[in-house]
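Trainee: coords below, sequence missing:
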């Protein structure tokens, strides 16, 4: 399986990647610092089984990246999980309505990440 971790914080990308590696279910884990780079990686290295998206990032926010992913049929099987500090209920609903498969609030621990990832991938 392939995962793409999208967050403007290098330390957060490292935390998420470490958690994903510990699950032993991903053969490849890529990373991007914003939504625009994520879309470029989806084009060049995709499809990915799972994209983990932060909400607030420079250049292109996670929500806009989510809308672009869901607007492209080639990525219709890609699961998207928002991993963010955004806790406004209207934005959570907005993300789910736009096609987010799951939502994980920061801060989180490894067990919470694994539970959500396995659930969204149906494992």
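Mentor: Received the coordinates, thanks. The model shown is predicted, which means the values in this text are computed figures rather than measured ones.

Trainee: pretty sure residue 51 is in a helix, no?
Mentor: No. Secondary structure of residue 51 (DSSP: H, G, I helix; E, B strand; the rest coil): strand, not part of a helix.

Trainee: Could you check how far it is from residue 90?
Mentor: 22 Å (C-beta to C-beta, to the nearest Å). All C-beta atoms are positioned from the backbone trio N, CA, C, and that covers glycine.

Trainee: can you pull out the strands in this protein?
Mentor: Ranges of strands in the chain, per DSSP state E, are 2-6, 28-32, 50-53, 79-84, 102-105.

Trainee: Just put these in JSON lines and tack on distance to residue 115 and mean neighbour count.
Mentor: Putting the strands of the chain into JSON lines (distance: least, C-beta to C-beta, whole Å; neighbours: other C-beta atoms under 10 Å) gives the following:
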{"stretch": "strand 2-6", "distance to residue 115": "16", "mean neighbour count": "24"}
{"stretch": "strand 28-32", "distance to residue 115": "18", "mean neighbour count": "19"}
{"stretch": "strand 50-53", "distance to residue 115": "14", "mean neighbour count": "28"}
{"stretch": "strand 79-84", "distance to residue 115": "11", "mean neighbour count": "24"}
{"stretch": "strand 102-105", "distance to residue 115": "9", "mean neighbour count": "17"}
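
Trainee: Name the residues linked to the most centrally placed residue in the chain by a beta bridge.
Mentor: With distances taken as C-alpha atoms, centre = their mean, the residue of the chain nearest its centroid is residue 52 (1.2 Å). Beta-bridge pairing for residue 52 (DSSP bridges): residue 5, residue 81.
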